[in-house]
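Colleague: I would like the atomic coordinates for the input below:
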Amino acid sequence: MAITFTDGVASSSPAPQATLALSTLLPKLSITVAACPGNVKTLALKLAARDFCRDTEIWRETLSTTTTADEDEYDITDLHTYDALIQRVRLVTLDDTDLVDSAWSVSEVGTLTLDTAPEETGDTLAIEVVFMPLEICTDYPGWLLDKWAEAIVARALAILKAQPQKPWSDPAAVPALDREYLYLCGRAKATLASERKSGDFGMSVPAFA
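Modeller: Model (predicted):
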């Protein structure tokens with residue numbers, strides 16, 4: 001099921017854990033585009049990170065909350081504070097039991113509706129989601145930047161070197177950077193496929209009552 005949400009980011013829950021600033025990747029750019037101003041390099045990193053998340057759907061996490069007896073609607077945008085939209089919901093689990101797609105739906109404003117309201121209060125409701133960063137997003141999960149820095153940097157360098165008539169322009173280098181980026185996108189997708197088979201879904205956001 002693919003749902004694209006049009007709302008912003010809720011701010012009522014605690015900040016996500018283990019985030020890193022995108023600016024930590026700036027030194028990797030400075031090696032080859034030293035003449036490029038810092039703000040231009042930062043913008044290129046933002047664009048590159050968004051491209052990578054869009055092209056691979058690598059930013060996947062499990063949001064958790066607890067059920068309320070006889071309540072069938074839950075606002076899942078309230079379960080994170082990333083500068084990102086929930087692009088789609090992949091799976092909903094109730095007390096470790098995967099629910100079939102027909103047992104739930106998600107509105108464009110991020111309301112999860114269960115076909116049958118839970119009978120108990122306090123059961124764990126886990127929602128596996130794909131995040132798409134907003135243009136203002138500067139803080140990403142640490143695991144994403146640690147593992148996929150090379151892909152984001154390759155894409156950012158391609159963006160910068162493709163700019164015409166700049167001291168850092170180098171159109172001849174762009175095809176090789178594009179190939180590296182596409183190769184790393186393929187590796188990311190393969191990693192996701194492997195994790196699905198093994199049942200590993202990566203980082204989870206803590207549950208909120």
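
Colleague: So residue 82, which state does it fall into?
Modeller: Recorded secondary structure, residue 82: coil (DSSP: H, G, I helix; E, B strand; the rest coil).

Colleague: Kindly state the pLDDT recorded for it?
Modeller: The model reports residue 82 with a pLDDT of 93.

Colleague: Not counting its own residues, what contacts the helix-or-strand element of the chain with minimal mean pLDDT?
Modeller: Within the chain, no helix or strand scores below helix 174-198, which has a mean of 90 by mean pLDDT, DSSP states H and E. Residues from elsewhere that reach helix 174-198 (CB atoms under 8 Å, 6 or more residues apart in numbering): 52, 55-58, 60, 148, 150-151, 154-155, 157-158, 161-162, 201-202. From N, CA and C alone the C-beta is placed, and that goes for glycine too.

Colleague: phi, psi of the closest residue to residue 44 other than its chain neighbours?
Modeller: Beyond its immediate neighbours in the sequence, the residue positioned closest to residue 44 (CB to CB, 6 or more residues apart in numbering) is residue 156, lying 4.2 Å away. Taking degrees, to the nearest 10, you get phi -60, psi -40 for the backbone angles of residue 156.

Colleague: Ok, residue 114 next?
Modeller: Recorded main-chain torsions at residue 114 are phi -90, psi 140, according to degrees, to the nearest 10.

Colleague: what does residue 71 give?
Modeller: Listed backbone geometry of residue 71 is phi -100, psi 120, with angles given as degrees, to the nearest 10.

Colleague: how near is the residue nearest to the spatial centre of the chain to residue 170?
Modeller: Central residue of the chain (CA atoms, centre = their mean): residue 59, 2.9 Å from the mean position. Between residue 59 and residue 170 the distance, using CB to CB, to the nearest Å, works out to 30 Å.
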